[in-house]
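Enquirer: Sequence first, then the predicted structure, then my questions.
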Amino acid sequence: MSIELLYELNQEVRRLFIAGGKLAQGDMRLERLQPSLRKMGESAPVFARVAQAVEQTTNPKAENPSAKLLELATLLQSILYTQGQTETNGVQVPLQGASNFKNSAISYRKLSPVLDALTEKGQGRLEIIRQAHEDGLFLDYRLLIPAVNSLDESFAEISDFLESRVIPLYGKAALPVLKERLRLDGGKGDSRRLRLIHSLQGQSDMMLYLEAAKSGSQEVRTTAIELLGDYPIQEQFLLEQADDRRKEVRRAALLALTRIGTPKASDRMYEALISKDRQIAIEPIAQSRDESLIIRVIQYAAIVFDKLKQTSKDEETIEQLLTSLEALRGHRTEGIFELLRSLLSDKAFVGSNNSRLLDTAAQLLVGLHVPEAQAFAVSLKDMHKNKLLDYSFIAALQSLPPEEAYEQFVDYFTGNNKAAAKLLLGTLHHFIPTVYARLTDEGQSDSLAMDPRWLNLFMKMDEAELVSRLAYKPDRQTVNYLKSKCEGRFGYGNDPAIHAFLALFRIGYKEAPELLARTITPEAYNSYYYLYEPHVLLLKMLPGSYSEWLERFAVEEIRSDSMRRQLREVADFIRTKPIELQEDQKGWVQWMRSKMF
Amino acid sequence: MITLTEAYVDSVALNAGAIKNGRDLVKKNSFPLLCRSEDDTLLFGECKGSGSEPYRCSVDFLKPESPTFRCSCPSRQFPCKHLLGLMYAYVLGKPFAPAAIPQDIVDKRGKAEKREEKKKDASAQASDQPRKRQTNKSALVKKIAAQLEGIELADKLLAGLVQSGLGAADKKTAQTLGDQAQQLGNYYIPGIQASFFALLLELNADQERETMYTGVIPHLIAIYSLVKKSRDYLKSRMDNLEEVPMETGTALEERIGHAWQLAELREYGLTERDAELLQLSFRSYAEPSRAEFVDEGHWIQLSSGHIHVTRTYRPYRAAKHIREEDSFFQVVRSKELFVYPGELNTRVRWEEASFREPLPEDFRRAQDQARRSYADVVKIVKNQIKNPLSDKNPVMLVAYREVLRIDGQYALVDEQNKQIPLVDIPRLGHATTQLLSLLTQNDLRNGAMLVMFRHDFETNRLTAQPLSIVSSQGVIRLMY
């Protein structure tokens, strides 16, 4: 075939370009092709021209051999360009096409940043993808395949967002793309694709999930097994998986069995709990809705406890008790309280110095939220050398009238037992939300009701942080105390002074804005580059009338660009704050929260 | 009457960043003052900036087809974000108070009017006596002589590289060659110089030797042909300036480095009257050998079916201040369309144009212009690409009966059952064939597809990458 000859010649030309045109003269391999070329030239004139060009290139007497080589290469390339084949042999299948996409006319300038964000690496991609989602760009069919591919993205926030918000937008239209790109032996991205297929197809693709659960990579297998937990019909299969060689697979199977909730499933979980697999049985049992299983766990715990009392305190037995207690977390089945009372009344148990065991039992007790459990917890306060005092205190705050809780526990703060006071202060730090959280979190309503006398006590003890949290009205004493704290170090975030200021705003102290404005000095801001949220929130509480002043302060006094930008953003924010909201604490906070995201 | 649309404001912004900044100003209530004149010819307002004085910006609709933008800010970006913000505020329905036109704008309008009159007078005079552009002959001869000198140098550089062989080329060779290629800048042959830079990029690219050879050899051949053709052409022109006009049958002048001026194109009759163009595809890419971004649009001229191309070059260094082009969805009507010398896809430009929404009739016309016989298409394409200096990736609109899958590959098929295989072009870095299976059955039958061709030496196949589909309802863009 002539084309093969041309390709062979092309290879020789390439070789000479690499070796150097100076070697072309008298090149044997090139000359070897000459006769065939000439022969073909008899029927096709173009080959005659090639033969001539070869001859000129190899002619030892030729001037400028490089030019001759280039001449030959040019001719050869031109010919090869005319030889391109367009026909493909094979079975022809007309392309079927898919659902009706909206072919929205999204322009290059809008689409290309999103495509880049989906296909490249680097910072700021999540923001672009979120914005594109908000602007409705993801209806464009050109983004579907990149979005499905990006489920493999290792930056989980992007792949989470794509899985939960973006790809579901395409509905069933995404299905062929998801299926085509699903690799059962793949990684996390394929787990996501499988979950998306399941959410679109439900049980109609059962064979696919079973296949994935049997032969997929560990990642895909566990996902598939998790999905099968929706289908009680797969009980037998899941029971088999619960015996798998790999721990991760067993864990997934147990979690799936929990959701199936059949007696056999419960039996399997119990088996796991009393075996070496107890660690992976904790969560499935904690999630189980099968009361009889829980009763068995309680009985098992009681037996283990007896064993612990009688025999040596070996690690194995302690672990057994600990895991069965942990598996009971969240349950309120009758019998749990009895179990815990017997544990916590036992001197040997409490004295065993195993703080994990003790804490778990005490946490379970307080978490039961039933009156008798709480009363029992309170009664433990002076037992066992005050070891459980903090749990007693929490139970008291949750169950007793505020004044009674105060009276029962105030002495621990003022008494000689310094360790007890420290323990209880720590507990309060943990339990009372910070003033920042109170101003921003939804959860502020269900915080604990506290006796007002606590506030006085903490002012006396100079516990500034707790005072900031508990302050509730602008009386003189509170205001004076907080004002004295406002003079402290005025830092970029979590300093006592910031909290004291936030507290003054929260309790509605009228002169707080003026006081804050007086405290703001260039020195305080020029030592930082960035402010944390509590500090920003504080500045945002200034009334709109301070906007100009803050803007000017930022422009004229602040050296760092990032700090200036942040302060100017705050100035913009308070300028646009609706006036009617500036007085009203609650509405204001809600409005502000709506502006945050 | 002020008729502003959001799409219009988007389109005058230089880039996506400018759009965002403009919109943000509206979001952040940065316009304490928003006014419109009582006769609805002017929008103006004040925008807070970082200084103590606000910026005064205005958009003047005295000539509604080309509004005048004015802003007191020092930004080099034009229109600046304040102007964009002002227009976004208007299209987003912010209240504009009626007010008298500020004095400084009245003054400026007066001055502009005078300028217009002067221009009109000048052009009236010019049209009275149409005069040919005068070229300074001795200067031109001097220039061509310099070009020929440069071409000799280019020839020498090329011969040196071929003579010693690519196998011997190392970092030092590349550096010496780079320095020498810099010198080509002194001879009015920037196009030839750019070809050398493209060769150097391949030579320097961090890749396997064999891949490098494959990348470099076509450049050697292209430069060789370019040098040879340019030399013949320039010599014949220098010998006889009167008889030999500038080359307009091919893009040779542009390949040497000539930047065609509109007046020249007009002189050579390379214009078309009342052309209507519909954009079928758009893309933007970086061209490292020229250190420029290229915004490239492919358009169909509705009356002739010709596939034209528009290219806007944005040098890296000035990219921020030049408008980044965008996909364009309206029909462009130009009284005078400038057509650059070239082959299948001639480059076009227009100075003034009006726009209208495309009608179903336009899409049908475009569809009707698609080429039906693949035998002819392949012939035309091969005829172009076999020429060493021609564009190796011509773009054509071809009709198809069906889209096929053959052994995992896509192909178009025409009425005579001839095929064109559809394969992505690696160099474009933008896969589109994968989108075909997402199209509806309707779109995959009896349609017209804009494709870019490529000859693949490795497989000896002529393939094409899909860019767009023209359906009776509109253009489905597979790229942008």
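Expert: The structure has been received and is ready for your questions.
Enquirer: Now tell me which helix or strand of chain B has the poorest mean pLDDT.
Expert: When each helix and strand of chain B is scored by mean pLDDT, DSSP states H and E, helix B:103-128 comes last, with a mean of 80.
Enquirer: Check whether the helix or strand following that helix comes into contact with chain A.
Expert: Per DSSP states H and E, the first helix or strand lying C-terminal to helix B:103-128 is helix B:137-164. Yes. Using Cβ under 8 Å from any Cβ of the partner chain, helix B:137-164 comes into contact with chain A via B:158-159, B:162-164. In short, each C-beta sits where N, CA and C put it, glycine included.
Enquirer: The helix or strand just after helix B:137-164 near chain A anywhere?
Expert: Toward the C-terminus, helix B:137-164 is succeeded by helix B:171-183 as the next helix or strand (DSSP H and E). No. Contact between helix B:171-183 and chain A is absent, the nearest approach being 11.9 Å (criterion: Cβ under 8 Å from any Cβ).
Enquirer: For chain A, what's its nearest residue on the stretch 101-250 of chain B.
Expert: Nearest residue of the stretch 101-250 of chain B to chain A: B:Gly165, at 2.8 Å (Cβ to the nearest Cβ).
Enquirer: out of the residues of helix B:137-164 next to chain A, who's nearest A:Glu569?
Expert: Distance to A:Glu569, by Cβ to Cβ, is smallest for B:Leu158 among these, at 58.4 Å.
Enquirer: I am assuming that closest one contacts B:Ile221, so please confirm or correct that.
Expert: No. Counting by Cβ atoms under 8 Å, no contact exists between B:Leu158 and B:Ile221, whose distance comes to 10.1 Å.
Enquirer: Show me the common contact partners of those two, please.
Expert: Residues touching both B:Leu158 and B:Ile221 (Cβ atoms under 8 Å, 6 or more residues apart in numbering or on different chains): A:Leu70.
Enquirer: related to what we said a few turns ago, of the residues of helix B:137-164 next to chain A, buried ones?
Expert: Buried subset of the residues of helix B:137-164 next to chain A (neighbour count, 16 or more other Cβ atoms under 10 Å in any protein chain shown): B:158-159, B:162-164.
Enquirer: Could you dump those residues into TSV and include pLDDT?
Expert: Converted to TSV, those look like this (pLDDT from 0 to 100):
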residue	pLDDT
B:Leu158	91
B:Ala159	89
B:Val162	90
B:Gln163	87
B:Ser164	87
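Enquirer: Tell me which two in those are the farthest apart.
Expert: The largest distance within those, taken as Cβ to Cβ, falls between B:Leu158 and B:Ser164 and amounts to 11.6 Å.
Enquirer: B:Met396: which element?
Expert: Using DSSP H and E, B:Met396 sits in strand B:395-406.
Enquirer: Among the buried ones among the residues of helix B:137-164 next to chain A, pick out the one closest to A:Lys381, please.
Expert: Distances from those to A:Lys381 were compared by Cβ to Cβ; the smallest belongs to B:Ser164, at 93.8 Å.
Enquirer: Could you list which residues are in contact with the closest one?
Expert: Shown in contact with B:Ser164 (Cβ under 8 Å, 6+ apart): A:20, A:22, B:173.
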